[in-house]
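Undergrad: starting from these lines, generate the structure:
(chains A and B, ligands or ions: 1)
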Amino acid sequence: MENKTFTISVYSENNVGLLNRISGIFLKRHINILSLNVSESEIENVSRFIIVVDTTEKWVQNIVGQIEKQIEVIKAFYHVDDETIFLENALFKIESGLLFDERQIQNIIKESNSEIVTVSRKFFVISKSGRRSEITELHAKLKPFGIMQFVRSGRISVSKEPMEISTLLQELNINKY
Amino acid sequence: METTKISGAEAVIRCLLEEGADLVYGYPGGAIMPVYDELYKFQDKLHHVLVRHEQGAAHAAQGFARATGKVGVCIATSGPGATNLVTGIADAQIDSTPLVCITGQVGKHLLGSDAFQETDIIGISTPVTKWNYQITEAHEIPEIMAKAFYIARSGRPGPVLIDITKNAQFDTLDFSYKKCTDIRSYHPKPILNKDKVKEAAEIINKAKKPFIIFGQGIVLSQAEEQLKALIEKAGIPAAWTILGLSALPTDHELNVGMVGMHGNYGPNMLTNECDVLIALGMRFDDRVTGNLQTYAKQAKVLHFEIDAAEVDKNVKTEVAVLADLKDALTELLPLIEKNSHTEWHNEFKRHYDIELDAVINEELAPTNGKGISMGETIEMINKHSNGDAIMVSDVGQHQMFTCRYSKFNTTKSNVTSGGLGTMGFALPAAIGAKMGRPDREVVAIIGDGGFQMNIQELGTINQTKVPVKIVVLNNEFLGMVRQWQELFFDNRYASTVMVNPNFCAIAEGYYIKARKVTKREELDEAVAEMMASKDAYFLEVMVEKENNVFPMIPTGASVSDIRLR
Ligand SMILES: Cc1ncc(C[n+]2csc(CCOP(=O)(O)OP(=O)(O)O)c2C)c(N)n1
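TA: As a prediction, this is how the structure comes out:
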């Protein structure tokens, strides 16, 4: 079976220690996490992990099964790229002088649809959201001018199909009473 | 609800009592002293057994749980006390044994400061627990303890670890207790899909050569009667995994023996002949399947299982019924047509005869002046126990002989470390099993290697006077490893020769009656004496040094490549 990029989404309780449990599932199988993002979700008090891995479908099924088995996990899903809308966010910190001396930079910012977040005496910061390839491309364009700092977030994504997690939670709550 | 103000430590004890625990295994230390102080106060209601090593506490709690079906409880202090539990916890996790392990922890204000005996036991135990939690405030205790028991015993059972900081043990709380019956994100029993059961029933009814392999799931869901009814109605031969053993009486005519590496010839050979393979509460461990590429490829596999993550993990299924085994089999039974499959069943008998000739007869009655065999010792115990004993085995050749040759009439009678294969398991596990089932005879079968891994628990036996029977099968080798060295490493016996102490003197040093048997003629009488003893009894049997366990499927080979010699 060939390797593909999979986005694993985990809806969970927001408890201490769960990250450790989930990362352990990857560790045990010697699978490297390419990107990880944890945040609140559309449901109150429910966290959402978005984990990107490069692996086979068989392994991703196995992993999602093991993740879903964890007590604090409400539901886990996996998707291939075509099934989700996804992006990453990046910040580039660049020396302020360049913004005025190198006109080219202003064009790059405009063409890449990125935005200037802040400008100070010493530096300015560009933010760019988009696919990994778009960010990489922007990085390549800015590199010759000198980048003081660069950082990129984990992937965030929403699925094209409904995940119906709210319905699931409702059912669970109904079953409860 | 009425509440009273008590200390966190007292709350821990009250929670245990609320959950019906009246027996705990443990070892004290600084970070758990408030709880021990309360144990002193509650000693009429809650019996604490002082083991000699925390690993012993975990294994004893496991033995208790496996023999009774209840949750086993063990207690340890922080740091080294907690880490000493880890092997037992890992063993319980892989064998789905319900445990609640309570560890002390340094005070909350010291967490993360590398304080004396501080260890990140939550981090350490995460991969080997079903759930764990660190309590840092007294008021959390009742809810978390209730959750711990619920999680440990429900669904696919497993070990839970609760780490309690010292301040939480000292501080007071308003105590009230409510059992946990529900956790939003946790669904212990999948909802039975009746259509899947129908699909499975149709396939079973059409099968020409159906074959059942059952595992511990039968025992855990108490589906022994349903299993028996199913095989009798449909005439399906049933084989067991090492943890399924004793769920079906040995003498049942449709019990065709053990699958896997040292299992019986018939069930292994015929796994690759059956047209429908019905897996009941078992997880296709590699010790069972051998090479997956060739495992039961011709068969439609029906998997009845409570844990969704096990389905299609190793073997691709035709139909998966995700449910509690008892619910599923109860639903399935009326849909099954009567059948006998006599010719198919005879296939197993024919294979059994081959194995009998090639292996079993010689093992049970060795010829050519050979020393005592492990198999004949087990057979002797069968004779004197009538198959009514709980057999607790350690890990190695003697374990395989115990599982292959023990006779069982009742369920929950085979206690062994299946998934982790933990040497040192049997002595403490036997203590727990006997304390849980004082009405039953408990016999531990241990190798000379494994006995020395937790030999200190003889001290626990001495102190508690628990009347367990201990049989050490002494071949002066780490036998199972030696067998592999003989077969796969050109007889290079690297570090498997054991120079042993005087075991009887050690047992006697702990005031346990002891006897050593070196000659076949003494065996019958010695076993009789042991079984008749009202007290704990230690029997050392000197066995043939270089005997091998056969049949055997070499690692990575196909189940049907099983070797008889
Ligand atoms: C804690 C632990 N360490 C090592 C092993 C590897 N191992 C499996 S069987 C075995 C030999 C057991 O020897 P013994 O207890 O004398 O029993 P025998 O095989 O001779 O019956 C060993 C070392 C193990 N299973 N557990």
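
Undergrad: going by C-alpha atoms from here, please, whenever you check contacts or count neighbours.
TA: Will do.

Undergrad: kindly report the residues of the stretch 351-500 of chain B close to chain A.
TA: Neighbours of chain A within the stretch 351-500 of chain B, by Cα under 8 Å from any Cα of the partner chain: none found.

Undergrad: quick one, strands of the stretch 351-500 of chain B?
TA: Using DSSP state E, counting those that start in this stretch, the strands of the stretch 351-500 of chain B run over residues B:390-393, B:414-416, B:442-447, B:469-474.

Undergrad: then chain A?
TA: Using DSSP state E, the strands of chain A run over A:4-13, A:33-40, A:46-55, A:73-80, A:84-95, A:115-119, A:123-130, A:149-152, A:156-159.

Undergrad: now render those strands as a markdown table, adding mean pLDDT and distance to chain B.
TA: Shown next, in a markdown table, are the strands of chain A (pLDDT from 0 to 100; distance: least, Cα to the nearest Cα, whole Å):
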| stretch | mean pLDDT | distance to chain B |
| --- | --- | --- |
| strand A:4-13 | 96 | 7 |
| strand A:33-40 | 94 | 16 |
| strand A:46-55 | 96 | 10 |
| strand A:73-80 | 95 | 4 |
| strand A:84-95 | 96 | 24 |
| strand A:115-119 | 95 | 37 |
| strand A:123-130 | 96 | 33 |
| strand A:149-152 | 96 | 28 |
| strand A:156-159 | 94 | 21 |
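
Undergrad: in TSV, list those strands along with mean neighbour count.
TA: Output for the strands of chain A, formatted as TSV (neighbours: other Cα atoms under 10 Å in any protein chain shown):
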stretch	mean neighbour count
strand A:4-13	22
strand A:33-40	15
strand A:46-55	20
strand A:73-80	20
strand A:84-95	19
strand A:115-119	14
strand A:123-130	19
strand A:149-152	13
strand A:156-159	19
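
Undergrad: is it possible to get JSON lines of these that adds distance to the ligand?
TA: As requested, the strands of chain A are exported to JSON lines (distance: least, Cα to the nearest ligand atom, whole Å):
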{"stretch": "strand A:4-13", "distance to the ligand": "36"}
{"stretch": "strand A:33-40", "distance to the ligand": "32"}
{"stretch": "strand A:46-55", "distance to the ligand": "32"}
{"stretch": "strand A:73-80", "distance to the ligand": "33"}
{"stretch": "strand A:84-95", "distance to the ligand": "46"}
{"stretch": "strand A:115-119", "distance to the ligand": "59"}
{"stretch": "strand A:123-130", "distance to the ligand": "52"}
{"stretch": "strand A:149-152", "distance to the ligand": "45"}
{"stretch": "strand A:156-159", "distance to the ligand": "44"}
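
Undergrad: okay if I get those as CSV plus distance to B:E118?
TA: Converted to CSV, the strands of chain A look like this (distance: least, Cα to Cα, whole Å):
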stretch, distance to B:E118
strand A:4-13, 27
strand A:33-40, 29
strand A:46-55, 30
strand A:73-80, 29
strand A:84-95, 39
strand A:115-119, 45
strand A:123-130, 43
strand A:149-152, 36
strand A:156-159, 37
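
Undergrad: closest to B:A138 out of the strands of the stretch 351-500 of chain B?
TA: strand B:414-416 (36.6 Å; Cα to Cα).

Undergrad: could you find the closest non-adjacent residue to B:V256?
TA: B:A239 (5.2 Å; Cα to Cα, 6 or more residues apart in numbering or on different chains).

Undergrad: now do the contacts for that neighbour.
TA: B:F211, B:I212, B:I213, B:F214, B:N255, B:V256, B:G257, B:M258, B:V259, B:P267 (Cα atoms under 8 Å, 6 or more residues apart in numbering or on different chains).

Undergrad: that one: helix or strand, and which one exactly?
TA: strand B:238-240 (DSSP states H and E).

Undergrad: distance from that strand to the middle of the chain?
TA: 17 Å (Cα atoms, centre = their mean, to the nearest Å).

Undergrad: go through the strands of the stretch 351-500 of chain B and name the closest to B:A152.
TA: strand B:414-416 (18.6 Å).

Undergrad: which parts of stretch B:102-120 are buried?
TA: Neighbour-count burial for stretch B:102-120, counted by 16 or more other Cα atoms under 10 Å in any protein chain shown, picks out B:I102, B:T103, B:G104, B:Q105, B:V106, B:G107, B:Q117, B:E118, B:T119, B:D120.

Undergrad: mind giving me CSV with those and columns for secondary structure and distance to the ligand?
TA: Converted to CSV, those look like this (DSSP: H, G, I helix; E, B strand; the rest coil; distance: Cα to the nearest ligand atom, whole Å):
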residue, secondary structure, distance to the ligand
B:I102, strand, 23
B:T103, strand, 22
B:G104, strand, 25
B:Q105, strand, 27
B:V106, coil, 29
B:G107, coil, 33
B:Q117, coil, 24
B:E118, coil, 25
B:T119, coil, 22
B:D120, coil, 23
